[in-house]
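>>> Could you look at this predicted model? Sequence included:
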Amino acid sequence: MSLVEEFVKAIADLREKDALELVKKLIEQGVDLSTILDGIRKASDIIGRRFEEGRYFISDLIMAGEILREITEILRPIIVKEKPKKIGTVVIGTVQGDIHDIGKNIVVAVLEANGFEVIDLGVDVPPEKFVEAIRKHNPQVVGLSCLITEGIESMKKTIDAIKAAGLKEKVKIIIGGGRVDEGACKYVGADAWARDVQTGLRIIKEWVGVK
Amino acid sequence: MGGGEIDVPKVEPEELFKQRLERLERAIMLKEPDRVPIWAFCCFLPVKYLGTTYAKIAYDYEEFKKGTIKFASDFDFDTITAVPGIIGTTVLGLALIEEHPDIAPPVIRMTGPIHDILQDRYTKWPGRELSENTYPQFVGGRFMEADEYDKLADDPLTFINETLIPRVYRSLEKPSSARAYGTLIKLGTELAKLSKVTRELVMELKNKLGYPIFPRALTEVVLDIVGDFMRHPTYTIMDLYRVPDKVRNACDSLAPLATKLGIIGGQTASKLKELYGVNIVLVFIPLHLNEFLSPKLYGEFYWPYLKKLIEDIINAGFTPWIFFEGDHTPHLETLRELPKGKIIAMFERVDWKKVADIVKGHQCIMGGLPGSLLISGTPKKVEEHVKNLLELMKPGGGFILAPAEASSLDFKPENLRAAIEAVKKYGTY
């Protein structure tokens, strides 16, 4: 098994210490950034697949998200220097009135690991902040997150504001969170909905034309 | 926003009370009642419907009482659970359980004024950290580090009292201070006010509207206490991978305190049985990390403690009312390990077919009305949903319909009405 393969396997199996040691080793050995990033994407795919097969659960995704975050931190100086090409930009945030972010943070880690530029607006984000961020960052995708049921109304207000600003045609909007469903998606006027990160990732990748 | 026509009780409240109580008791005991009961479970009242705001309900107990009465009289439920706050401060109950068991159970309650008094970092409130008409929320936080598990395990009470409490409650930051002493006095006064209003409310619901209310205590399973009140859910989960033995030791030390809080709480609540005119005393156990955990972690760090907690509460003579928050589907099988017909199992999102296969006939099941349907659905869709659900859950008894969701019900009134009508149409035996 090559070092990169070992690295991929360590992430996918959620062996944190091994994964962090291996990424440092890869850097030391002068393996190029694109190879390392490719390995991270592969590992993220494996994790997603295991989640869909019912072998991994949210606890595993939280640990995976943490490992991916730590790896990204280690790679950050190189990323800043080499500026690898991003496959798309996503503006994401928990909508106004809701201050929960566990799910959203997993999504951010997974999107970044998959090569997306992610603008994370945080929690309790008012509609105008989303509008402002869309104008500034020109994303292909906007992700709205909520946990509490009240968040559904807030998502509707946010999407209405995006429409009123004439920006709806420029972006695709996905909503996510434990209590969203098909009905909520139609009601708020989003393009898609997801309750888990893997479904969300697949939809977003499709939208930006990556398979 | 008005409520449409009011369901004026055609039957005397006393008679209604008897009918509803029997309906609920039979369902809880896994028998067939006359029809499926409806339990208005609201973590918070539907403020939009009531024409009020979250801030008013959270901070003004009279407004809360008025709102609950209006909600309960506009709709024909069988019982109602409404609180003017959110679960917010279970650790204070744990802190006092050994030294002052008589006052430990009520101090876990959290309302707007209590938040102002304690200045806790667990919760955020409308008109304070949040805007006037935002739902109050529990966020928790990281109030201990992973290297403190040993201290927690060695002496949980000292850790909670001396390390955790000053970190969480700004007003108790300096234990030996006038501010801290004053805080505790104010807290006691406020709790007395709250319990007076609660009692008045229950009596009014009983005597004027014929609603039975079961007295209720609360406790939590240890991993949730660690996750919600000490380490934050995300870090708790990472700890299960990084320092599993330390988490286990801490859970082992904390578990007897959590059980005691439930049992003493049950005993305190039992004193109200006669006044409330009911025989069942509930111990509410809301779960949180259940949905996050893989079956392996659930089996190792969650279920053994939950099972023991449930069994101890049953043995003490109370009915554990478990709220399986999130999607509990992967762990349903474990419920078969419990004694039959002794708990109320309330589900949020779950595979109802699997619930019917695995849990039905074994425990009383509650839930089934998703908030998103009440918000974004139509009366026709709601009727269809209830009809299908009842086909699955009604036969044999042991089912209670409830809007099972850990937030308020800012629904369309016509949708809620449709749900109640559907139960009357399809839910009779």
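Happy to help now that I have it.

>>> Under a three-state scheme, what state does the closest residue to residue B:371 other than its chain neighbours occupy?
Spatial nearest neighbour of residue B:371, chain neighbours left out: residue A:149 (3.7 Å); criterion: CB to CB, 6 or more residues apart in numbering or on different chains. For the C-beta atoms, the positions are set from N, CA and C on the backbone; glycine is no exception. Under DSSP: H, G, I helix; E, B strand; the rest coil, the three-state class of residue A:149 is coil.

>>> Give the burial count for residue A:149, as a bare number.
28 (other CB atoms under 10 Å in any protein chain shown).

>>> pLDDT below threshold where in chain A?
Nowhere does chain A drop to pLDDT under 70.

>>> cool, chain B as well?
Segments of chain B classed as low confidence (criterion: pLDDT under 70) are B:1-9, B:404-410.

>>> Could you rerun that using 50?
B:1-4 (pLDDT under 50).

>>> what does the lengthiest strand in it rub up against?
For chain B, the strand that runs over the most residues, judged by DSSP state E, is strand B:319-327. Applying CB atoms under 8 Å, 6 or more residues apart in numbering or on different chains, the contact partners of strand B:319-327 are A:178, B:28, B:214, B:216, B:262, B:280-288, B:290-292, B:306, B:309-310, B:313-314, B:342-351, B:404, B:406.

>>> can you list the domain ranges for chain A.
Domain assignment for chain A by automatic domain parsing gives A:3-82, A:88-207.

>>> so how far is the first one off the chain centroid?
Read that as domain A:3-82. Once both centres are worked out by CA atoms, centre = their mean, to the nearest Å, domain A:3-82 turns out to sit 15 Å from its chain's centre.

>>> Spell out whether that domain and chain B are in contact.
Yes: applying CB under 8 Å from any CB of the partner chain, one finds that domain A:3-82 is in contact with chain B at A:14, A:16, A:54, A:56, A:57, A:58, A:59, A:60, A:62, A:63, A:66.

>>> Show me which pair in the residues you listed is furthest apart.
Taking CB to CB as the measure, the residues of domain A:3-82 next to chain B span a maximum distance of 22.8 Å, between A:16 and A:54.

>>> which one of these two has more residues nearby?
Using other CB under 10 Å as the criterion, residue A:16 and residue A:54 rank with residue A:16 on top: 19 against 10.

>>> Was I right to think the more buried one contacts residue A:64?
No: if you go by CB atoms under 8 Å, residue A:16 and residue A:64 don't touch, sitting 9.7 Å apart.

>>> rewinding a little: in strands only, show me the residues of domain A:3-82 next to chain B.
In strands, judged by DSSP E, none of these are found.

>>> now, which of the residues you listed sits nearest residue A:99?
When the residues of domain A:3-82 next to chain B are compared for distance to residue A:99 (CB to CB), residue A:62 wins out at 18.3 Å.

>>> Leaving out chain neighbours, which residue sits closest to that closest one?
Spatial nearest neighbour of residue A:62, chain neighbours left out: residue B:237 (4.7 Å); criterion: CB to CB, 6+ apart.

>>> name the element the one you found belongs to?
helix B:233-242 (DSSP states H and E).

>>> angle of the helix or strand just after that helix against helix B:233-242?
Sequence order places helix B:244-270 as the next helix or strand after helix B:233-242, per DSSP H and E. Angle, helix B:244-270 to helix B:233-242, by axes from the mean of the first three to the mean of the last three CA atoms, to 10 degrees: 130 degrees.

>>> Can you name the element that comes right after helix B:244-270?
helix B:273-276.

>>> hang on, isn't residue B:402 packed against residue B:36?
No: contact criterion CB under 8 Å: residue B:402 and residue B:36 do not qualify, at 10.4 Å.

>>> Many thanks, we can stop here.
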